[in-house]
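Visitor: fold the following.
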Amino acid sequence: MANVDVVLPQPAVSPLSTHKPSPWFNILAGVIVIVGIIYAGYHLADDLSVVRSTRAYPFILLGIALFIALGFEFVNGFHDTANAVATVIYTHSLPPNFAVVWSGTFNFLGVLVSSGAVAFGIVSLLPVELILQVGSGAGFAMVFALLLAAILWNLSTWYFGLPASSSHTLIGSIMGVGLMNQLMAGSSGTSGVDWGQATKIGESLLFSPLIGFSAAALLMLIAKALIPVPALFKEPKGAQPPPLPIRALLVLTCTGVSFAHGSNDGQKGMGLIMLILIGTVPTAYALNRTMHETEVAKFVAVSAQAQTALKRYGDDPAPADPHAAAIEIVRTRSISPQTVPAIAALAGSIAAEVQTFGSLAKVPADDMVNIRNNMYLVSESLRYLSKSKAIAVSPADQKTLAEYKKELDASTRFIPTWVKVAVAIALGLGTMIGWKRIVVTVGERIGKTHLTYAQGASAELVAMVTIGAADMYGLPVSTTHVLSSGVAGTMVANRSGLQWATVRNLLAAWVLTLPVSIALAGGLYWLLRTLL
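Guide: The predicted structure follows:
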């Protein structure tokens, strides 16, 4: 029998093969960056006007740390934001330059309206003593190590066009720092990784790609069964845009993914930037100075109610050092009737100090970090109390303590608008400069055929809903994994076939990201701790 060569269907000619950036596109990017720098610089200078330090060292360190933190978000834009524009580019729904600007705009809006829950969920993974002493050498070693490790791995995977997860990378880096911190401390009782929180976040990162694959495949099958529009399931003809309704759907889903990405992924560097600001210039950022004097009375009243509620669940007397007892609660991530009085005593101390000073803006510089740390410890302790199975808190007291925790978090877990603007611009600029490698992988190298309109819309719609839901619950998920797995799911549902070489590379990057980032961050933390 004669040999027959099997010719597999190939993707159409890449719409990016002859693409060149428009001069106007570059000018627009430059204007956005300049305006962003002026805006962020003006508000940063205004915030720093309350700092009375004459030393240049804190400000130099602040500049270096912010540059590295925004560098992480810039590289994050290479990976995650680029995914949002892949489908509209490969279905010719939007020209590449316009698609990138459109996506960047809605990323920007998503960052601005983000709640901050993801940002501080990331921070809660860090060792408690490093959070409380972020201005020390060990604290800066922590921040620099995890950011540098995340940047190095993200750049490596971007260079090879692999849509690796920035979320996985950052979580792995945090775990690496926590593990090395524990190893270096030996048996001194130093905390390491919050495995409960890490498991919760790890599950969201693990299951979100599976959800993306299966949900996009199911949506594709439903669309084929219910929508009698053949053009929806055919690849684009040349550079011709799709029919208006299909084009509107694709642009809508691209917009939704961009917005959801900004509101979720954009937060991942915010919490670290806030740690940097608190560590270098605590006078300006340790406490939310916007609490008005009229709000002090409410804070003191809620604090008194919380103390009364806490006393019902504690065994007197309170320990001699409530601060140390609270640190032990957060370090061990457990609370008992013997340690509850420490939280009540610390809550009373905080209320007395805030009432004495009249507002957070009037707290002396020397007291700001101590008050912030006490607020952080009480808030975290209340979180563990709400989850405790050993202490049954009544619904009424749960409501009271939740209200008090909300007041504490408003005083310490805040993100200035200029930080959000800076992060949004870093994300958008990263997309504008490095989008092509990842977009080509998603659009051309996952399936054996060109991406159809229905495939692009299904993958984007699932990604938009998944990321938006994760943001509501304060869980970091990977835009990269959700969308690329969604594209793979639509290819399987459409029987288009997968390019297994690319799939194997994606899986390898998925598997290797955590161990490599753990090792990188742990090694960098050890090196920086030794030097600092």
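
Visitor: helix or strand: which one has Met184?
Guide: Following DSSP states H and E, the helix or strand that holds Met184 is helix 166-185.

Visitor: past that helix, which element shows up next along the chain?
Guide: For helix 166-185, the following helix or strand on the C-terminal side (DSSP H and E) is helix 195-226.

Visitor: next one: that following helix to chain centre, how far?
Guide: 18 Å (Cα atoms, centre = their mean, to the nearest Å).

Visitor: and it with helix 166-185, angle?
Guide: 170 degrees (axes from the mean of the first three to the mean of the last three Cα atoms, to 10 degrees).

Visitor: average pLDDT across helix 195-226?
Guide: Mean per-residue pLDDT for helix 195-226: 79.

Visitor: list the buried residues of the helix or strand that it is followed by.
Guide: Once helix 195-226 ends, the next helix or strand along the chain (criterion: DSSP H and E) is helix 244-264. In terms of neighbour count (16 or more other Cβ atoms under 10 Å), helix 244-264 has its buried residues at 246-247, 249-251, 253-264. To be clear about C-beta, it is placed using only N, CA and C from the backbone, and glycine gets the same treatment.

Visitor: for the helix or strand of the chain with the lowest mean pLDDT, packing partners?
Guide: Lowest by mean pLDDT, DSSP states H and E among the helices and strands of the chain is helix 117-123, with a mean of 75. Applying 3 or more Cβ pairs under 8 Å, 6 or more residues apart in numbering; DSSP states H and E, one finds that helix 117-123 contacts helix 166-185, helix 270-280.

Visitor: just checking, what packs against the longest one?
Guide: Where contact means 3+ Cβ pairs under 8 Å, 6+ apart, helix 166-185 is packed against helix 57-76, helix 117-123, helix 137-159, helix 195-226, helix 500-531.

Visitor: and the closest residue to Phe414 other than its chain neighbours, how far from Gly358?
Guide: In space, and not counting its chain neighbours, Phe414 is closest to Asn288: 4.4 Å by Cβ to Cβ, 6 or more residues apart in numbering. Asn288 sits 15 Å away from Gly358, going by Cβ to Cβ, to the nearest Å.

Visitor: and those two? Which one has more around it.
Guide: More crowded of Asn288 and Gly358, by other Cβ atoms under 10 Å: Asn288, with 17 against 11.

Visitor: I'd say the more buried one and Asp409 touch.
Guide: No - if you go by Cβ atoms under 8 Å, Asn288 and Asp409 don't touch, sitting 9.6 Å apart.

Visitor: still on that earlier bit, in the least confident helix or strand of the chain, what's buried?
Guide: 117-123.

Visitor: which of those residues sits closest to Pro96?
Guide: Val118 (29.2 Å; Cβ to Cβ).

Visitor: for the stretch 51-200 of the chain, what are the low-confidence residue spans?
Guide: Residues of the stretch 51-200 of the chain meeting the criterion pLDDT under 70: 53-54, 79-82, 161-163, 186-198, 200.

Visitor: the same query, at a cut-off of 90, please.
Guide: Low-confidence segments of the stretch 51-200 of the chain, defined by pLDDT under 90: 51-144, 146-147, 150-151, 153-200.

Visitor: ditto for the stretch 401-532 of the chain
Guide: Residues of the stretch 401-532 of the chain meeting the criterion pLDDT under 90: 409-417, 420-518, 529-532.

Visitor: closest to Ile64 out of the helices and strands packed on helix 117-123?
Guide: helix 270-280 (9.5 Å).

Visitor: from the contact counts, what lies against the closest one?
Guide: If you count contacts as 3+ Cβ pairs under 8 Å, 6+ apart, helix 270-280 packs onto helix 57-76, helix 117-123, helix 137-159, helix 282-285, helix 417-440.

Visitor: give me the mean pLDDT for that helix.
Guide: The model assigns helix 270-280 a mean pLDDT of 84.

Visitor: can you pull out the residues in contact with that helix?
Guide: Residues from elsewhere that reach helix 270-280 (Cβ atoms under 8 Å, 6 or more residues apart in numbering): 58-59, 61-62, 65-66, 69-70, 72, 114, 116, 119-123, 131, 134-136, 139-140, 143, 146-147, 284-286, 369, 372, 414-415, 419-420, 422-423.

Visitor: now the element after the least confident helix or strand of the chain, going C-ward?
Guide: Along the chain past helix 117-123, the next helix or strand (assigned with DSSP H and E) turns out to be helix 128-132.

Visitor: against Gly456, how distant is Pro242?
Guide: Taking Cβ to Cβ as the measure, Pro242 falls 9 Å from Gly456.

Visitor: ok, those two, which is more surrounded?
Guide: Per other Cβ under 10 Å, whichever of Pro242 and Gly456 has more neighbours is Gly456, with 29 against 23.
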